[in-house]
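J.: Fold the following.
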Amino acid sequence: MPELPNQIDELNESIEVIDKQLVELLAKRAEITTKIGEYKSKAGSPIYVAEAEAQIITNRKSEAKRQGVSPVLIEDLMRRIIRESYHTQSVEFLCTNPSIRKVVIVGGAGALGRIFVDLFERSGYKVAVLEHSDWDRSDTILENAGLVLVAVPIKLTESVIARLTNLPENCILADITSTKQKPLNAMLNAHQGPVVGLHPMFGPDVPSLVKQVVVVCHGRESKQYEWLLQQVRNWGGVLQQCDAKEHDDAMVFIQVMRHFCSFVFGSHLAGENPDLQKLISLSSPIYRLELAMVGRLFAQAPALYADIIFDNKDSVAMLTEFSVKFNHALALVENSDKEKFIQQFTKVSSWFGDYAKQSLIDSKQFLLKADDGRTLIENC
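T.: Okay, here's the model as predicted:
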């Protein structure tokens, strides 16, 4: 077999030149998106506009197809680039209500409270923080407040709200607790002015509010706090409005069951004590994602998740029903009843409908990203 000339070094050098050019282009793009962010701030435009993002991706995919490049690759690349561009744009924001003399965040020194302190300050508001040690001078801190945002742990929320009975008449009282019925009722009882319940569906580790869901449960005088909702939109947040009871009912599935299942899974692993690194090295991308979500839970404050699980009035009933279904499924395995298992599987698949098929498509991208990080995880 004839020897082929060794061109690998030359080819690698060419790739390195192109890679450097890519980095330079990304740096130039970041400079431009920063300027776009400054313009949006002055114009009061939201950072995230779904239609604009979709159009960019559609255009680039069409161009990729003409160039013989994988549209899937380009979509994945563009979504990552656009996500970064939102961060470069999130430097400062237009103040949607300059007449607000002061925003007070109760619990503003906490992990989630600090995010809102930063966002309001970058939007040009005067922000004050009220912590547990500040109650002896709370009257001074709350004086002239146009918005008071309660950002304390769930177990303290109602008792803290009960102390806010001397707010200015037109002051907006809001909270960001993960339950809504009890805090909303407490605010309506404590304050006769505008009231709104908010639930940011994210943790304190988010780099920005772009595409992050914020649930809105209306309380009283919604016109008075429309500027606040618009401010959240300007930050990039996506508002989902619903009734407080509807919210709490949904959170049983979205938060309570998910966190409880992760807790039990993690507890079982710890009890069985397998070699964790061996599990990681042998796992498929989907299992590594599942394991990462369980591990993520145990990297955070246990009291937070205890409050979420224990303080929802429907937790026990829903988790008890879940245990019944778990034991029923276990009985199918114990009895080697594959036929009934398949019947049940098919029934559940029918309930999910088209969402199951879409999930199969969407999850492929998640799994590819999980596979990209395998070396990093193995070297931890």
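
J.: who's in contact with the residue nearest to the spatial centre of the chain?
T.: The centroid of the chain falls nearest to residue 202 when counting by CA atoms, centre = their mean (3.1 Å). Contact analysis of residue 202 by CB atoms under 8 Å, 6 or more residues apart in numbering lists 209, 212-213. For glycine as for every other residue, the C-beta is placed from the backbone atoms N, C-alpha and C.

J.: residues contacting residue 123?
T.: By CB under 8 Å, 6+ apart, the residues touching residue 123 are 92-96, 231, 234-235.

J.: picking that back up, which one of the contacts of residue 202 is nearest residue 8?
T.: Nearest to residue 8 out of these is residue 212 (CB to CB; 45.2 Å).

J.: related to what we said a few turns ago, SS state for the residue nearest to the centre of the chain?
T.: Per DSSP: H, G, I helix; E, B strand; the rest coil, the local secondary structure of residue 202 is coil.

J.: Give me the distance between it and residue 215.
T.: Separation of residue 202 from residue 215 (CB to CB, to the nearest Å) stands at 11 Å.

J.: what's the answer for residue 341, then?
T.: From residue 341 across to residue 215, the span is 36 Å (CB to CB).

J.: and the two? which has more neighbours close in?
T.: residue 215 (21 against 14; other CB atoms under 10 Å).

J.: and the residue nearest to that one when sequence neighbours are not counted, what are its phi and psi?
T.: Nearest non-adjacent residue to residue 215, counting by CB to CB, 6 or more residues apart in numbering: residue 199, 4.1 Å away. When quoted as degrees, to the nearest 10, the phi and psi of residue 199 stand at phi -140, psi 100.

J.: Please apply the same query to residue 69.
T.: Backbone geometry at residue 69, expressed as degrees, to the nearest 10, gives phi -110, psi 150.

J.: could you point out which element follows the lengthiest helix in the chain?
T.: Ranked by residue count and defined by DSSP state H, the top helix of the chain is helix 8-43. Next helix or strand after helix 8-43 toward the C-terminus (DSSP states H and E): helix 50-67.

J.: if we can go back for a sec, how far off centre is the longest helix of the chain?
T.: In terms of CA atoms, centre = their mean, to the nearest Å, the centre of helix 8-43 is found 27 Å from the chain centre.

J.: hang on, residue 217 in a strand?
T.: Yes: judged by three-state DSSP, residue 217 forms part of a strand.

J.: which non-adjacent residue is nearest it?
T.: Per CB to CB, 6+ apart, closest to residue 217 is residue 197, 3.9 Å.

J.: these two touch, right, the one you found and residue 219?
T.: Yes: contact criterion CB atoms under 8 Å: residue 197 and residue 219 qualify, at 6.1 Å.

J.: Need the overlap of contacts for these two.
T.: Shared contacts of residue 197 and residue 219, counting by CB under 8 Å, 6+ apart, come down to 184, 187.

J.: Which one's more surrounded, the two?
T.: A direct count of neighbours by other CB under 10 Å for residue 197 and residue 219 places residue 197 higher, at 27 against 24.

J.: hang on, the more buried one is in a strand, isn't it?
T.: Yes: assigned with three-state DSSP, residue 197 falls within a strand.

J.: Check the gap between it and residue 30 for me.
T.: Distance of residue 197 to residue 30, computed by CB to CB: 37 Å.

J.: Over to residue 362?
T.: 28 Å.

J.: residues in contact with residue 89?
T.: Residue 89 makes contact with 33-34, 36-37, 40, 47 under the criterion CB under 8 Å, 6+ apart.

J.: That one: what's its closest spatial neighbour, skipping adjacent residues?
T.: Using CB to CB, 6+ apart, the closest residue to residue 89 is residue 37 (3.0 Å).

J.: what's around the one you found, how many residues?
T.: Neighbour count of residue 37, defined by other CB under 10 Å: 21.

J.: What of the one 10 residues further on?
T.: By other CB under 10 Å, the residues close to residue 47 number 23.

J.: For it, which non-adjacent residue is closest in space?
T.: residue 236 (4.0 Å).

J.: Residue 186 against residue 158, yeah?
T.: Yes: look at residue 186 against residue 158 with CB under 8 Å: they come within range, at 4.6 Å.

J.: host element of residue 233?
T.: helix 226-234.

J.: mean confidence for that helix?
T.: Helix 226-234 comes out with an average pLDDT of 96.

J.: can you pull the buried residues of stretch 119-133?
T.: Buried residues in stretch 119-133, counted by 16 or more other CB atoms under 10 Å: 119-120, 122-123, 125, 127-130.

J.: Just the ones of those in helices?
T.: In this view, the buried residues of stretch 119-133 that belong to helices under DSSP H are 119-120, 122.

J.: TSV for those residues, including distance to residue 74?
T.: Compiled in TSV, those are given as follows (distance: CB to CB, whole Å):
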residue	distance to residue 74
119	32
120	37
122	33
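
J.: List just the nearest of those residues to residue 274.
T.: Nearest to residue 274, judged by CB to CB, of these is residue 119 at 42.4 Å.

J.: so how far is residue 320 from the residue nearest to residue 215?
T.: The gap separating residue 199 from residue 320 is 25 Å, by CB to CB.

J.: Which one of those two is surrounded by more residues?
T.: Neighbours per residue (other CB under 10 Å) separate residue 199 from residue 320, with residue 199 holding more: 24 against 9.

J.: who touches that one in this structure?
T.: When contacts are counted by CB under 8 Å, 6+ apart, residue 199 touches 176-178, 180, 214-215, 217, 247.

J.: Can you turn the buried part of those residues into a ChimeraX selection?
T.: Burial among the contacts of residue 199 is assessed by 16+ other CB under 10 Å; the matching ChimeraX selection reads:
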select :176,177,178,180,214,215,217,247
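
J.: can you tell me which of the contacts of residue 199 are in helices?
T.: Reading helices off the contacts of residue 199 with DSSP H, I get residue 247.

J.: now the contacts of residue 199 in a markdown table, with pLDDT?
T.: Below are the contacts of residue 199 laid out as a markdown table (pLDDT from 0 to 100):
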| residue | pLDDT |
| --- | --- |
| 176 | 97 |
| 177 | 95 |
| 178 | 93 |
| 180 | 96 |
| 214 | 97 |
| 215 | 98 |
| 217 | 98 |
| 247 | 96 |
